[in-house]
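In: Sequence and predicted structure below; questions after.
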Amino acid sequence: MNVLVIGSGAREHALVAALANDPQVDAIFAAPGNAGMSSQAELRDVDVNDPTAVTALAVELDADLVVVGPEAPLVAGVADAIRDAGIACFGPSAAAAELEASKAFAKQVMHFAQVPTARAGVATDIDTVAMMLSEFGAPHVVKDDGLAAGKGVVVTDDFDEALEHAKQCLNKPNGRVVIEEFLDGPEVSLFCITDGVTVVPLQPAQDFKRVADDDAGPNTGGMGAYTPLDWAPEGLVDEVVRTVAQPTVDEMARRGTPFAGLLYVGLALTSRGTRVIEFNARFGDPETQVVLASLKTPLAGVLYAASTGTLADLPPLEWYEGAAVTVVIAAENYPGTPVTGDPITGIEEAEDVEGVHVLHAGTKAGPDGVPVSAGGRVLSVVAQGPTLAEARDNAYDGVGQIFLRGSHYRTDIAAKAIEGSIVVSSQGAGQ
Ligand code: AMP
Ligand code: GLY
């Protein structure tokens with residue numbers, strides 16, 4: 001099988017690495033890809049948001065399967081164009097990707113599918129925003145309706161800050177904001193592979209969205225992740241498939257816009273039960289880095305089955321024992337405008353650490369073969385281990401080998417899970 005992966009982050013590097021381990025895969029291409037993938041994939045340049053250009057590339061490469069990593073190409077209709085050319089594509093249509101592209105649309109679908117989520121209102125003017133903020137009370141949750149690369153959400157006790165964020169969102173063309181009730185409790189990311197009918201959940205993971213330790217500072221794309229979640233209530237995955245993923249997939253099919261690809265379910269385990277925080281229409285970054293490291297079943301067959309309507313025939317997925325942890329190394333000033341162009345050293349030494357591999361995100365090949373930073377999230381250091389504590393130690397040993405001037409990372413990835421201090425106060429599954 002020839003596989004073309006679209007995107008250039010650590011998530012796509014993780015996809016390439018998993019596909020490279022699949023004996024069914026003959027050749028991997030990545031467009032545009034990144035410096036770290038070049039030993040496993042042939043890199044090609046393409047405007048990932050141009051459906052015609054991506055389709056032409058897939059045809060030229062004789063791709064049997066195209067896997068679309070990021071949301072923007074999906075929203076731009078890349079998966080539709082590839083399928084129209086008769087090539088299997090893992091990723092939803094533009095119409096189905098609205099589940100991620102519009103939080104207001106996602107809320108509407110959840111309402112029809114009776115999926116448990118935060119109470120919310122949509123506003124297009126600041127007076128309505130102010131009214132809703134007062135009604136829901138603090139902590140305030142204000143979300144840009146559209147795509148914002150993980151940075152469109154502000155959660156704050158400060159009314160004025162909430163109002164200010166809403167103003168900025170409303171100032172955009174067709175600006176709309178979603179105001180929500182605050183959801184307490186630990187967060188879980190559950191990836192569900194679907195062909196539009198059948199839903200196959202992957203192992204749940206936890207992401208760390210805030211930039212600094214103890215969840216301080218602004219939201220980012222994600223600063224680290226781990227899997228599995230030994231603290232999660234028994235039956236959580238089955239509950240989420242039954243009450244969230246399957247009803248959502250069924251509702252999308254009922255609307256004539258079936259969702260085939262990866263439904264990313266972001267959840268809060270609140271004191272009143274499990275609630276959806278958000279849907280995404282693609283693999284999450286950095287959770288993918290740990291989930292795919294843990295998946296034993298060869299990946300290409302799973303993605304191909306989802307892309308060709310044959311998931312029901314897929315044997316149950318198999319997983320490695322043990323745990324996986326990833327720590328993201330970010331450039332100076334991320335999640336603001338990152339400082340780029342600095343050399344990165346120590347990657348090979350990091351990979352010499354037991355159980356560690358390093359995935360590239362914002363890197364490019366520099367002079368003398370030394371990679372240089374080229375984005376906000378620069379590297380994702382992934383480690384496996386027989387226990388979560390060992391995987392975490394390995395990950396930080398790896399991180400310790402790497403030097404990038406001005407870079408920063410969180411030091412508390414997976415720490416609370418290991419301490420046993422994550423509290424789930426819901427009365428168990430189904431509440
Ligand atoms: P989203 O883009 O909707 O996933 O939001 C990004 C992050 O903001 C989430 O992962 C949560 O940490 C936080 N967040 C979003 N919605 C809520 C909510 N209703 N209550 C509490 N935190 C939230
Ligand atoms: N890790 C969060 C996301 O991919 O949106």
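Out: Yep, that arrived. Numbers count the residues shown, from 1 in each chain. Ligands and ions are numbered 1, 2, ... in the order given.
In: which bits of this structure sit near ligand 2?
Out: Applying C-beta under 6 Å from any ligand atom, we find that the chain lies next to ligand 2 at Gly150, Asp207, Gly222, Asn280, Gly284, Asp285, Glu287. C-beta: built from backbone N, CA, C; applies to glycine.
In: could those residues go into a markdown table alongside neighbour count?
Out: Output for these, formatted as a markdown table (neighbours: other C-beta atoms under 10 Å):
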| residue | neighbour count |
| --- | --- |
| Gly150 | 17 |
| Asp207 | 23 |
| Gly222 | 24 |
| Asn280 | 23 |
| Gly284 | 23 |
| Asp285 | 28 |
| Glu287 | 29 |
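In: where's the dip in pLDDT among those?
Out: The lowest pLDDT within the residues of the chain next to ligand 2 belongs to Gly150, with 59.
In: Among the residues of the chain next to ligand 2, find me the one that's closest to Val122.
Out: Nearest to Val122, judged by C-beta to C-beta, of the residues of the chain next to ligand 2 is Asn280 at 19.0 Å.
In: partners of the closest one in the sheet?
Out: Tyr264 (DSSP bridges).
In: I'd guessed it sits against Phe259; true?
Out: No - if you go by C-beta atoms under 8 Å, Asn280 and Phe259 don't touch, sitting 11.5 Å apart.
In: what do those two both touch?
Out: Leu99 (C-beta atoms under 8 Å, 6 or more residues apart in numbering).
In: What is the nearest of the residues of the chain next to ligand 2 to ligand 1?
Out: For these, the minimum distance to ligand 1 (C-beta to the nearest ligand atom) is 6.0 Å, reached by Gly150.
In: Relative to the whole chain's centre, how far out is the lengthiest helix in the chain?
Out: What stands out as the longest helix in the chain, according to DSSP state H, is helix 388-401. Averaged C-alpha coordinates place helix 388-401 at 22 Å from its chain's average position (C-alpha atoms, centre = their mean, to the nearest Å).
In: Please apply the same query to stretch 170-179.
Out: That offset, for stretch 170-179, works out to 23 Å (C-alpha atoms, centre = their mean).
In: name the element Val328 belongs to?
Out: Per DSSP states H and E, Val328 falls inside strand 323-330.
In: re the thing from before, what about the longest helix of the chain, average pLDDT?
Out: Averaging pLDDT along helix 388-401 gives 98.
In: What's the first helix or strand after the strand holding Val328?
Out: Counting by DSSP H and E, what follows strand 323-330 is helix 347-352.
In: what's that following helix in contact with?
Out: With C-beta under 8 Å, 6+ apart, helix 347-352 has contacts from Val356, His357, Val358, Pro371, Leu379, Val381, Gly398, Val399, Gln401, Ile402.
In: and which of those is nearest Cys89?
Out: Of these, the one sitting nearest to Cys89 (C-beta to C-beta) turns out to be His357, at 27.2 Å.
In: quick one, phi/psi of the residue lying closest to that closest one once chain neighbours are set aside?
Out: Leaving aside its sequence neighbours, His357 sits nearest to Val382 (C-beta to C-beta, 6 or more residues apart in numbering; 5.4 Å). Val382 adopts backbone torsions of phi -110, psi 140, taken as degrees, to the nearest 10.
In: Out of the contacts of helix 347-352, which is nearest to Glu164?
Out: Closest approach to Glu164 among these (C-beta to C-beta): Leu379, at 33.2 Å.
In: Doesn't that closest one lie inside a strand?
Out: Yes - assigned with DSSP: H, G, I helix; E, B strand; the rest coil, Leu379 falls within a strand.
In: Please name the residues that touch it.
Out: So Leu379 contacts Ala10, Val328, Ile329, Ile344, Ile347, Val358, Leu359, His360, Ala361, Thr363, Ile402, Leu404 (C-beta under 8 Å, 6+ apart).
In: mind checking how far His360 is from ligand 2?
Out: 17 Å (C-beta to the nearest ligand atom, to the nearest Å).
In: can you check Ile413 too?
Out: Counting by C-beta to the nearest ligand atom, the gap from Ile413 to ligand 2 is 13 Å.
In: can you count the residues close to that residue?
Out: A count of nearby residues for Ile413, using other C-beta atoms under 10 Å, gives 27.
In: same deal with Asp47?
Out: Neighbours of Asp47 (other C-beta under 10 Å): 14.
In: do Gln24 as well
Out: 14.
In: Can you point out the helix or strand that includes the residue sitting furthest away from the middle of the chain?
Out: Distance from the centre of the chain peaks at Asp127, with 33.4 Å (C-alpha atoms, centre = their mean). In the assignment (DSSP H and E), Asp127 maps to helix 126-136.
In: Identify each buried residue in that helix, please.
Out: Neighbour counts using 16 or more other C-beta atoms under 10 Å place Thr128, Val129, Ala130, Met132, Leu133, Phe136 of helix 126-136 among the buried residues.
In: Tell me how far Leu57 lies from ligand 2.
Out: 25 Å.
In: Tell me if I'm right that that residue and Asp45 touch.
Out: No - judged on C-beta under 8 Å, Leu57 makes no contact with Asp45 at a distance of 9.1 Å.
In: Identify the contacts common to those two.
Out: With C-beta under 8 Å, 6+ apart, Leu57 and Asp45 have common neighbours Ala31.
In: Between these two, which has more neighbouring residues?
Out: More neighbours surround Leu57 than the other of Leu57 and Asp45, with 22 against 10 (other C-beta under 10 Å).
In: Neighbours of the nearest residue to the more buried one once chain neighbours are set aside, how many?
Out: Nearest non-adjacent residue to Leu57, counting by C-beta to C-beta, 6+ apart: Val46, 5.1 Å away. When neighbours are counted by other C-beta under 10 Å, Val46 registers 21.
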